[in-house]
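In: dropping a prediction and its sequence here:
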Amino acid sequence: MRKSESNKKRAKRSAVDTEARSLDRRTFVKLVPALGAAAIAAPHLNLSTVLTQVPSPTPSPTPIASPTPAPLRVTKDMLRQAEKLIGIELTDAQEAMALQNASTNLDRYETLRKIDIPLDTEPATLFHPALPGREFKAGAPASRKAAKFKLSKTEPAQFSSIEDLAFASLTQLAESVRSRKVSPLELTRMYLARLKKYGPKLNCVVTLTEDLALTQASEAEREIKAGKYRGPLHGIPWGAKDLFATKGILTTWGAEPYRDQVINYDSTVVERLRDAGAVLVAKLSMGALAQGGRWFAGMTRNPWQVEEDKIGSSGSSAGPASATAAGLVGFSIGTETLGSIISPSSRCGVAGLRPTYGRVSRYGAMGLSWTMDKFGPICRGVEDCAAALNGMYGPDGRDLTVGDVPFNWEPSRPIGTMRIGYLKEEFDQQQDPERKTIYQQALDALKAAGANLQPIELPKFSVGALRIILVAEAATAFDDITRDGRVNQLSGQEPGDWPNTFRSSRFIPAVEYIRAQRARRILMNEMEELMSKWDVFVSPAPGSLSLLITNLTGHPAVCVPCGFPKSLPQSIMFTGGLYDEGAPLRVALAYERASKWHTMHPKLD
């Protein structure tokens, strides 16, 4: 008798296992995140069961049969497979308890997925790079009144025709406009003509904003003639990476699913630069959803080697870097999550500034990683970056991560009094002899300019593991198009492209993401300890471990060209303390003045 019962149990269990194994693989993929959370969750009531068990006010004379519980959607076999992925092993009894929670959580996840969450909705959590004890305020930008900001005295650019100003620095253009040597309308028409001529060749322009540009330039011209000069950005044509919302104008994010997207408001960056009098001439290309240089119209080209499709302009701010290097705009604004300002600026031979996280409002811009996205200028000179940052930083009452901290710019600050370190090991380990020689020459030029360089080391930290923060947040931002299949429209479908990353990142358990954020705090503490001893440190660009570290900790960095191995630009990077962009900009300016590389420009004809 017992043997017969045992056989029946085995047969029943085998049938259940067979049914579990026959489930579609896609079902398992959808269930893994639910299983990962449920396996460690505290017991929860099954709400649907509770609602069917209505208590009787008085004892019933006859027993009432309990309702038959609904079959569980998650089986033991599925749970056991998920355990291997999330790194735990449950006993039979623990699995039996976890099954109900896993099924209940799956119901909740499916309900959450039905809630319409607009793409510009941030999580109800905030990241601040400033550690406890550091002054941090969010609110009205009162700090501007206390800021020390003064540009160096600059002479107007010399020119015989307006086209000669194409490669002038922002500060030279500003002085030419201020002194009325050239008008905003003349500058705008010249840059619009170059955008039309060379934009297609470089594949760096998504939308030409000609009507808006001519209107803004005319207004700037009227104001300047009337004596209402707003400052160094007044009347200067600029280009925006195509993830900044521009009311009534296409904002495509470089991606096929959004190529017809028009947002009905302006981002804070666009508002701030408009208020400073700058003239928006173009929305510039970006890698699809902020990855690489390839967008729905193809690869953005590098103006130094236009015919080489494989070289491209690197990083997702490819269009701004390419257009700025090619003299198609006076300056541009890009964004960085993990190198997308530094990398294309280095590749195209221009100055790129990644400000402190929380320095510039992210309102109205495509969110990729809410705790890592940073916005900054790409220019033809270091001091240009200071002028552009000054025009757009500070709280706006919309992005609560933005701190009310003054941006100080003192270009006459003696660098001999500054504490400057350099990552000696990274410079010494350069494999290419030509690159190594160029970096040594750059370090020698810094020393000759008065810098007292001291070797330093970065914290020893398994920082690569923290990349799951970026991919988990990015997958969340674009979860809707991942699940409904629109992500398959993107031209990039290789293992390293976003579609695969978005899909595979659904396997990251919430516990591991939060653990990574806790580890990130430890890294922040270690970098705070390091930067308490140094004002600035110098490193290669972009091939430095510090690029990943400081994108996680929120520290600012600026890169400038330092040579041209194999006819392509090479750059050097300067990193500073939190909310102290002035220090790395000052050392970068000293190097720029001691070198000639910023004066070299590509030939497009």
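Out: Looks like it came in fine. What you are looking at is a predicted structure, and each value in this text was computed from that prediction instead of being measured. Numbers count the residues shown, from 1 in each chain.
In: where does the spatially closest residue to residue 346 that is not a sequence neighbour land on pLDDT?
Out: In this structure, residue 346 finds its nearest non-sequential neighbour in residue 571, 3.7 Å apart by C-beta to C-beta, 6 or more residues apart in numbering. The C-beta positions use only the backbone N, C-alpha and C, and glycine is treated the same way. On pLDDT, residue 571 comes in at 98.
In: roughly how far apart are residue 571 and residue 369?
Out: Separation of residue 571 from residue 369 (C-beta to C-beta, to the nearest Å) stands at 24 Å.
In: who has more neighbours out of the two?
Out: residue 571 (27 against 20; other C-beta atoms under 10 Å).
In: helix, strand or coil: sort out the more buried one for me.
Out: Here residue 571 takes the strand state, with states given by DSSP: H, G, I helix; E, B strand; the rest coil.
In: run through the residues that contact it.
Out: By C-beta atoms under 8 Å, 6 or more residues apart in numbering, the residues touching residue 571 are 342, 345, 346, 349, 541, 542, 559, 560, 561, 562.
In: now do residue 565
Out: Contacts of residue 565 (C-beta under 8 Å, 6+ apart): 432, 434, 435, 438.
In: do residue 163 as well
Out: residue 190.
In: re the thing from before, Produce a PyMOL select command limited to the buried residues of the contacts of residue 565.
Out: The PyMOL selection below is limited to those of the contacts of residue 565 classed as buried (16 or more other C-beta atoms under 10 Å):
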select buried, resi 435+438
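In: so, low pLDDT: which residues of the stretch 401-550 of the chain?
Out: For the stretch 401-550 of the chain, no stretch has pLDDT under 70.
In: what about the helices in it?
Out: 424-428, 433-448, 467-477, 479-484, 498-504, 510-531, 545-553 (DSSP state H, counting those that start in this stretch).
In: show me the one of those helices that comes nearest residue 602.
Out: For residue 602, the closest of the helices of the stretch 401-550 of the chain is helix 433-448, at 18.4 Å, according to C-beta to C-beta.
In: on that earlier part again, out of the contacts of residue 565, the closest to residue 252 would be?
Out: Taking C-beta to C-beta as the measure, residue 252 lies nearest residue 435 of the contacts of residue 565, at 35.7 Å.
In: surely the closest one meets residue 568?
Out: No: taking contacts as C-beta atoms under 8 Å, residue 435 lies outside contact range of residue 568: 10.6 Å.
In: skipping its backbone neighbours, what lies nearest residue 583 in space?
Out: That would be residue 576: by C-beta to C-beta, 6+ apart, it lies 4.2 Å from residue 583.
In: how near is that neighbour to residue 546?
Out: Using C-beta to C-beta, residue 576 is found at 12 Å from residue 546.
In: out of these two, which sits in the more crowded spot?
Out: Legend: neighbour count by other C-beta under 10 Å for residue 576 and residue 546, higher for residue 576 (27 against 23).
In: for that one, give the beta-bridge partners.
Out: residue 536 (DSSP bridges).
In: can you start the count at 225 instead of 1 from here on
Out: Let's use 225 as the start, then, which means that last one is residue 800.
In: that one is in contact with residue 777, isn't it?
Out: No: assessed by C-beta under 8 Å, residue 800 is found out of contact with residue 777, at 11.9 Å.
In: joint contacts of the two?
Out: By C-beta under 8 Å, 6+ apart, no residue touches both residue 800 and residue 777.
In: find residues that contact each of residue 800 and residue 770.
Out: residue 781.
In: which of the contacts of residue 789 sit farthest apart?
Out: Pairwise distances across the contacts of residue 789 peak at 9.2 Å for 656 and 662 (criterion: C-beta to C-beta).
In: so what's residue 401 closest to, chain neighbours aside?
Out: residue 459 is the one closest to residue 401 (C-beta to C-beta, 6+ apart), at 4.5 Å.
In: that neighbour touches residue 501, doesn't it?
Out: Yes: with contact defined as C-beta under 8 Å, residue 459 counts as touching residue 501 (6.0 Å).
In: so what's residue 375 up against?
Out: Here residue 375 is in contact with 395, 456, 607, 610, 611, 633, 635 (C-beta under 8 Å, 6+ apart).
In: for it, which three-state class applies?
Out: From three-state DSSP, the assignment for residue 375 is coil.
In: quick one: it from residue 783, how far?
Out: To residue 783, residue 375 is 20 Å away according to C-beta to C-beta.
In: surely residue 757 and residue 644 touch.
Out: No: in this structure, residue 757 is not within contact of residue 644 by C-beta under 8 Å, at 11.0 Å.
In: comparing those two, which residue is more hemmed in?
Out: residue 644 (24 against 11).
In: can you tell me which residues contact the more buried one?
Out: 670, 675, 676, 677, 678, 758, 759, 760, 761, 762, 811.
In: switch those over to JSON lines; also include distance to residue 390 and neighbour count.
Out: Shown next, in JSON lines, are the contacts of residue 644 (distance: C-beta to C-beta, whole Å; neighbours: other C-beta atoms under 10 Å):
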{"residue": "670", "distance to residue 390": "30", "neighbour count": "25"}
{"residue": "675", "distance to residue 390": "32", "neighbour count": "21"}
{"residue": "676", "distance to residue 390": "38", "neighbour count": "13"}
{"residue": "677", "distance to residue 390": "36", "neighbour count": "16"}
{"residue": "678", "distance to residue 390": "40", "neighbour count": "13"}
{"residue": "758", "distance to residue 390": "38", "neighbour count": "18"}
{"residue": "759", "distance to residue 390": "35", "neighbour count": "20"}
{"residue": "760", "distance to residue 390": "32", "neighbour count": "25"}
{"residue": "761", "distance to residue 390": "34", "neighbour count": "30"}
{"residue": "762", "distance to residue 390": "31", "neighbour count": "29"}
{"residue": "811", "distance to residue 390": "28", "neighbour count": "28"}
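In: kindly indicate which of these lies nearest residue 315.
Out: Closest approach between the contacts of residue 644 and residue 315, by C-beta to C-beta: residue 761, at 51.0 Å.
In: excluding its backbone neighbours, what's nearest the closest one?
Out: residue 645 (4.1 Å).
In: the one you found against residue 675, yeah?
Out: No: the pair residue 645 / residue 675 is not scored as a contact, 10.3 Å apart, by C-beta under 8 Å.
In: hmm, back to that, beta-bridge partners for the residue nearest to residue 761, please?
Out: In beta-bridge terms (that is, DSSP bridges), residue 645 pairs with residue 678, residue 761.
In: what is the burial count for residue 818?
Out: Burial measure for residue 818: 16 neighbouring residues, criterion other C-beta under 10 Å.
In: hey, what's in contact with both of residue 459 and residue 501?
Out: Here residue 459 and residue 501 share the contacting residues residue 444, scored by C-beta under 8 Å, 6+ apart.
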